[in-house]
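K.L.:
Have a look at this prediction, sequence included:
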Amino acid sequence: MNDKIDFPQTDLYINGGWQAGADGERFDVINPATEEVLASVASAEIADADVALDAADAAFADWAQRTPRDRSIILRKAFELMSARLPEFARIITLENGKATGDAMGEATYAAEFFRWFSEEAVRADGLITHAPASGARIIVQHKPAGIAVLVTPWNYPAAMATRKIAPALAAGCPVILKPASETPLTMLALMPLLEEAGVPPGVVQVLPSRKSGPIVDHLLHDPRVRVVSFTGSTGVGRTLLRSAADQVLKPAMELGGNAPLIVFEDADLDVAVTGAMQAKMRNLGEACTAANRFYVHEDIAEAFTKKFTEAMAALKVGNGLDDGVDVGPLVNASTRDKVAEFVDDAIAKGAKCVLGGQRPNGKGFFYPPTVLTHVPQNANCVHDEIFGPVAAIQTFTDQDDVIARANDTEYGLVAYVFTENFKRGLQVCEALDYGMTGLNRGLVSDPAAPFGGTKQSGLGREGGHEGIKEFTETQYISASW
Ligand code: NAD
């Protein structure tokens, strides 16, 4: 393991160049495995946000008027350049976020794929020209770039949550201003030279790390040149941004929190269910909006499932994500780790049984072991709130309608997982679940080609798929006679 790495890009990226913040302030980025400082990064101020807005505004007309094919070629090049350097990106992701190298490589690959997917979508914009039914007019419908987009992203996927927004925005013809999470700004800063090399012109993408997220983002959302806000993060901050966005009636795209149920029916294939449950729970060590948060296992197979699943959890190796063979790195910071520990302590105090893990280790790093809780009571906090860590909370059920009602009994609606060998039953249950996405006999739903997003308080809009680009376009209708 070697966690010494130079980070050449630690300033703000504005108008195709690097600048220290207006007042010279910087903040530290911490390696969660060692608690050491990785780099000191410039912190954007309001004055920097204004310079970024001017740059994006100046770049807009040219970028919007490029042919879709031009934009597509640049995005394809970005995919190729990033794909050629996946281990380098994975390493930066592991260093600043903590996740193990396998997870980081998975993220870097997924992140690069958004450039490929949207290079293909850029040239597939649809429109319409038709006769009005009665008036004699022609109806012309086309989709235009919406304008400058403000993108705000979380720390759990420092690369993918950003490229899932940057790629469709650029494909649509919109310049962007990205505010990455303060815990993990280095990955996106490292991407900027590649975007330049791919041909992205100055001003089309700016990156503004800042430790004053609230004021900076609020300022950006009140500039009349901005038309889109695309946010991924917690539901609480999403609500705040929606309120700010209301003042200028911005187009909002919100990818917010989740509380995913994972339902294992008595007719599930046990191996498929355990493999899927491990993916749904432990990908990104549970720090995922898609992480299975509530396990509902049919009483007839609860014992067999719990035994096999617990064995798989126990086999995971915890450690510095850069070390060979490590599956589970540290959580991103102390407060996230403490929150996970509180969920476990609360559930045990209310009657849950801890069959694996549950003890916070001593020493440096924000580690928490893979943990399995059974007999989790309905009033445990982890049943209602996102755990966001490597803890599986298992409950049992006997009745299909009852488990559907329990799964839907949450303000969230991002993703659910269903395991059964009866395909008809599986589809019926998926349709009855009030979720934007469902994994049927799969613990992994994310795919650049599919619409990612949730119902209820899990968000507004969709990213990826054919829908993703629409978050960055306006529909224009022309009523014409000739
Ligand atoms: P967060 O909401 O705390 O922060 C997200 C981003 O918003 C960061 O860049 C942060 O600096 C910024 N921010 C924080 N307060 C702000 C404010 N007042 N004004 C403007 N910006 C502000 O979320 P997090 O802790 O970084 O990420 C975890 C959350 O993200 C979880 O709830 C998770 O479910 C959610 N998430 C959702 C998806 C999805 O696609 N639905 C994907 C990943 C993460």
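P.N.:
Looks like it arrived, so ask away.
K.L.:
Secondary structure class of the most centrally placed residue in the chain, three-state.
P.N.:
Taking CA atoms, centre = their mean, the centroid of the chain lies closest to residue 161, which sits 4.2 Å from it. Of the three states, residue 161 takes helix under DSSP: H, G, I helix; E, B strand; the rest coil.
K.L.:
how about it, what does it touch?
P.N.:
Taking CB atoms under 8 Å, 6 or more residues apart in numbering, we find residue 161 in contact with 153-154, 232, 255. Placement of C-beta: from N, CA and C, glycine included.
K.L.:
Nearest to residue 393, out of those: which one, please.
P.N.:
Using CB to CB, residue 154 comes nearest to residue 393 of those, at 22.3 Å.
K.L.:
The ligand contacts on this protein?
P.N.:
On the criterion CB under 6 Å from any ligand atom, the ligand has as its neighbours in the chain the residues 152-157, 161, 179, 181-182, 213-214, 217, 232-234, 237, 240-241, 255-258, 289, 386, 414, 459.
K.L.:
go with 5 Å
P.N.:
152, 154-155, 181, 213-214, 217, 232-234, 237, 255, 257, 289 (CB under 5 Å from any ligand atom).
K.L.:
ok, residue 258 touching residue 388?
P.N.:
No: Residue 258 lies out of contact with residue 388 (CB atoms under 8 Å); the separation is 9.6 Å.
K.L.:
Looking only at neighbour counts, state which of these two leads.
P.N.:
Set side by side, residue 258 and residue 388 show more neighbours around residue 258, with 28 against 24, by other CB atoms under 10 Å.
K.L.:
Just the pLDDT at the residue in the stretch 151-300 of the chain that the ligand sits nearest to, thanks.
P.N.:
Residue nearest to the ligand within the stretch 151-300 of the chain (CB to the nearest ligand atom): residue 233, separated by 2.7 Å. pLDDT for residue 233: 98.
K.L.:
tell me the phi and psi of it?
P.N.:
Here is the backbone geometry of residue 233 (degrees, to the nearest 10): phi 170, psi -150.
K.L.:
what's the burial count for it?
P.N.:
Residues near residue 233, counting by other CB under 10 Å: 21.
K.L.:
which residue sits closest to it, ignoring its sequence neighbours?
P.N.:
Spatial nearest neighbour of residue 233, excluding adjacent residues (CB to CB, 6 or more residues apart in numbering): residue 154 at 4.5 Å.
K.L.:
quick one: secondary structure of residue 41?
P.N.:
strand.
K.L.:
That one pairs with what?
P.N.:
With DSSP bridges applied, residue 41 shows beta-bridge pairing to residue 27.
K.L.:
Let the chain start at 320 from now.
P.N.:
Sure, I'll start counting at 320 from here, so that last one is residue 360.
K.L.:
list the contacts for the residue lying closest to residue 786 once chain neighbours are set aside?
P.N.:
In this structure, residue 786 finds its nearest non-sequential neighbour in residue 770, 4.4 Å apart by CB to CB, 6+ apart. Residue 770 makes contact with 755, 781-787, according to CB under 8 Å, 6+ apart.
K.L.:
Find me the pLDDT at residue 770, would you?
P.N.:
98.
K.L.:
same check, this time on residue 403
P.N.:
pLDDT, residue 403: 98.
K.L.:
Could I get the pLDDT score of residue 533?
P.N.:
97.
K.L.:
elements contacting whatever helix or strand it lives in?
P.N.:
Using DSSP states H and E, residue 533 falls within helix 532-540. When contacts are defined as 3 or more CB pairs under 8 Å, 6 or more residues apart in numbering; DSSP states H and E, helix 532-540 sits against helix 365-384, strand 467-471, strand 495-498, helix 554-566.
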